[in-house]
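A.B. asks: got a sequence here, can you model it:
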Amino acid sequence: MKKTLIQLTAALLLGGTSGIANAADCKVTVGLVMELTGPAGEYGQAGAKSVEMAFRDINDAGGVLGCDLITDTRDSQSAGNIAVDAATQLVQVKKVPLVIGGIISSVSIPILTSVTGPAKIVQISPASSSPTLTALARDGKTNGIFFRTITSDALQGIAAAKYAIDSGFKKLAIVHVNNDFGVNMVAEFSRAYKALGGTIVSVTPYNEKQSSYASEVTAAMGGEPDGLYLVSTPVDGATIARTWISQGGVQKFLLNDGMNSPDFIESVGAEYLNEAHGTSSGTNPTKSTDYFMKNYKDFSGIEPSNPAADRSYDAGAIAGLAIAIAGSQDPAKIKDAISKVVDPAGTPIYAGKEEFAKALKLISEGKPIKYEGVIGPVSFDKYGDITGPFRLWKIKDGKVETTGEMTTQQVDELMEKIN
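C.D. replies: Down below sits the predicted model:
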């Protein structure tokens, strides 16, 4: 009897100790579908590290729901069908309350339409800019669960057209990736560019992951353009640009946001890109911008200027803080909490452990916060979109230099002019 009591007491003590350990070790898992390999692999690797950094900072500040935030990261391989399989596993098997991803629109759209939308699981894309995502929301096909921390290509195409004209590109050839992103970007750009007086001599789509793009480049060269508008990703884009140069194409380029890439510059050769211009979804620098630029490379080993890095940190921060505001892992409550993370009436909150600790305290007290992230203060409209500004840049001696900014107001005024 005595032996039995001792064994029972020991078992209870061990059980209690185990319970404490489990409480201390609890995790809140967020699904992460990123393009870690494939044509957009450079973006996805940077984006995944940014989300991990944001979660680390929130965890160091105390975590959410008494737990640490972690990611269950899956590689989409830059392919929509693989992304759908990965997201399905995360949502249906792992039961994650939220998915971050993808980076490119051709990954984010099928995840949204096939997985997160029907399941009513919040999805935040750091860098998918296709206007199709707005259209899906407008048509009531997203259940209000989709958000993104990048502006729509409908706006970026207009900004790029104005920058092209201002930079002396009067007669352009266009080569673009043949997917939702590329087709929509070129459509919006072409409409604005022609309205501003520009001439497009050729439009040549290409399919991804080809070993050679010689035939596409040859087709694009007809009509003697004074520059090439290349809408692509760093790997394929570098192959196309090298082919264009080797075939005698003029060494003047207009580039989309994703081509603001050290890998692209190195692969093509800096000496060939001194007349390369581009636009990116811009930033209004904040304390968060300064924090990120100083700390990201030490955390990730990746340059903070890498495409999608800045806005992926914000996607992670917004996701984590929304879970804290929701007070649970209920996807419906998290959806409603997203806008509360950037409440215009809230106390400004910036990136980093100390700021997140301040945010979590305010949240626990029922007080509003306004996260002003790495890309600046944003708000989400009813479609989950954010608006400008846009950054104008040029490559000089192998480095990307900002040459100016187009404000949201300027884009709006330009839209009125060309419509």
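
A.B. asks: okay, now the unreliable bits of the stretch 51-200 of the chain?
C.D. replies: Along the stretch 51-200 of the chain, no part satisfies pLDDT under 70.

A.B. asks: give me the neighbour count for Ile121.
C.D. replies: When counting by other CB atoms under 10 Å, one arrives at 26 neighbours for Ile121. Heads up, the C-betas are built off the backbone N, CA and C, glycines and all.

A.B. asks: go ahead and confirm it touches Ile100.
C.D. replies: No. Judged on CB atoms under 8 Å, Ile121 makes no contact with Ile100 at a distance of 11.2 Å.

A.B. asks: number of residues surrounding Glu413?
C.D. replies: Glu413 has 10 neighbours, counted by other CB under 10 Å.

A.B. asks: again with Glu271
C.D. replies: 9.

A.B. asks: doesn't it fall inside a helix?
C.D. replies: Yes. Counting by DSSP: H, G, I helix; E, B strand; the rest coil, Glu271 is part of a helix.

A.B. asks: report the separation between it and Ser152.
C.D. replies: Separation of Glu271 from Ser152 (CB to CB, to the nearest Å) stands at 35 Å.

A.B. asks: what's the answer for Thr37, then?
C.D. replies: Per CB to CB, Thr37 is found 27 Å from Ser152.

A.B. asks: which one's more surrounded, these two?
C.D. replies: Set Thr37 next to Ser152 and count neighbours by other CB under 10 Å: Ser152 wins out with 25 against 16.

A.B. asks: tell me who's in contact with the residue nearest to that one when sequence neighbours are not counted.
C.D. replies: Spatial nearest neighbour of Ser152, chain neighbours left out: Pro131 (5.2 Å); criterion: CB to CB, 6 or more residues apart in numbering. Taking CB atoms under 8 Å, 6 or more residues apart in numbering as the contact definition, Pro131 lies against 152-154, 184, 188.

A.B. asks: which residue ranges form the helices in the stretch 201-350 of the chain?
C.D. replies: 214-220, 234-246, 262-268, 287-300, 309-326, 331-341 (DSSP state H, counting those that start in this stretch).

A.B. asks: any idea whether Leu36 is helix, strand or coil?
C.D. replies: What three-state DSSP gives for Leu36 is coil.

A.B. asks: quickly list what the residue lying closest to it once chain neighbours are set aside is bridged to.
C.D. replies: Leaving out its chain neighbours, the residue that sits closest to Leu36 by CB to CB, 6+ apart is Asp75, at 4.0 Å. As for beta bridges, Asp75 partners with Met34 under DSSP bridges.

A.B. asks: just checking, Asp75 touches Gln45?
C.D. replies: No. Using CB under 8 Å, Asp75 makes no contact with Gln45, being 9.7 Å away.

A.B. asks: mutual contacts of these two, please.
C.D. replies: The contact sets of Asp75 and Gln45 overlap at 34, 36 (CB under 8 Å, 6+ apart).

A.B. asks: tell me the contacts of the residue nearest to Leu36?
C.D. replies: Counted by CB under 8 Å, 6+ apart, Asp75 has contacts 34-37, 44, 82, 86.

A.B. asks: most neighbours among these, please name it.
C.D. replies: Ranked by neighbour count (other CB under 10 Å), the contacts of Asp75 have Met34 at the top, with 32 neighbours.

A.B. asks: residues touching it, list them.
C.D. replies: Met34 touches 44-45, 47-48, 73-76, 101-103, counting by CB under 8 Å, 6+ apart.

A.B. asks: show me the helices in the stretch 51-200 of the chain, by range?
C.D. replies: Using DSSP H, counting those that start in this stretch, the helices of the stretch 51-200 of the chain run over 80-88, 105-111, 117-119, 131-138, 153-166, 180-195.

A.B. asks: can you tell me what sits against the longest one?
C.D. replies: Contacts with helix 180-195, where a contact means CB under 8 Å, 6+ apart, come from 104-106, 109, 128-132, 153-154, 156-158, 160-162, 164-165, 172, 174, 176, 200, 203, 205, 229, 231-232, 256, 414, 417-418.

A.B. asks: weed out the non-buried ones from the residues you listed.
C.D. replies: Buried residues within those, counting neighbours by 16 or more other CB atoms under 10 Å: 104-106, 109, 128-132, 153-154, 156-158, 160-162, 164, 172, 174, 176, 200, 203, 205, 229, 231-232, 256, 414.

A.B. asks: ok, back up a step: can you put the contacts of Met34 in TSV and add distance to Arg56?
C.D. replies: What follows is the contacts of Met34, written out as TSV (distance: CB to CB, whole Å):
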residue	distance to Arg56
Gly44	19
Gln45	17
Gly47	15
Ala48	13
Thr73	14
Arg74	20
Asp75	21
Ser76	23
Gly101	18
Gly102	22
Ile103	20
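
A.B. asks: any of those buried? List them.
C.D. replies: Judged by 16+ other CB under 10 Å, buried ones among these: 44-45, 47-48, 73-76, 101-103.

A.B. asks: in strands only, show me these.
C.D. replies: With strands defined by DSSP state E, the entries of the buried ones among the contacts of Met34 inside them are 73-75, 101.

A.B. asks: tell me which of the helices of the stretch 201-350 of the chain is the most buried.
C.D. replies: Most buried of the helices of the stretch 201-350 of the chain, by mean neighbour count (mean count of other CB atoms under 10 Å): helix 309-326, with a mean of 28.

A.B. asks: and the strand or helix carrying Gln409 with helix 153-166, angle?
C.D. replies: Assigned by DSSP states H and E, Gln409 falls within helix 408-418. Relative orientation of helix 408-418 and helix 153-166, computed by axes from the mean of the first three to the mean of the last three CA atoms, to 10 degrees: 80 degrees.

A.B. asks: contact partners of helix 408-418?
C.D. replies: Residues outside helix 408-418 that contact it (CB under 8 Å, 6+ apart) are 155, 158-159, 162, 191-192, 195-196, 387-390.
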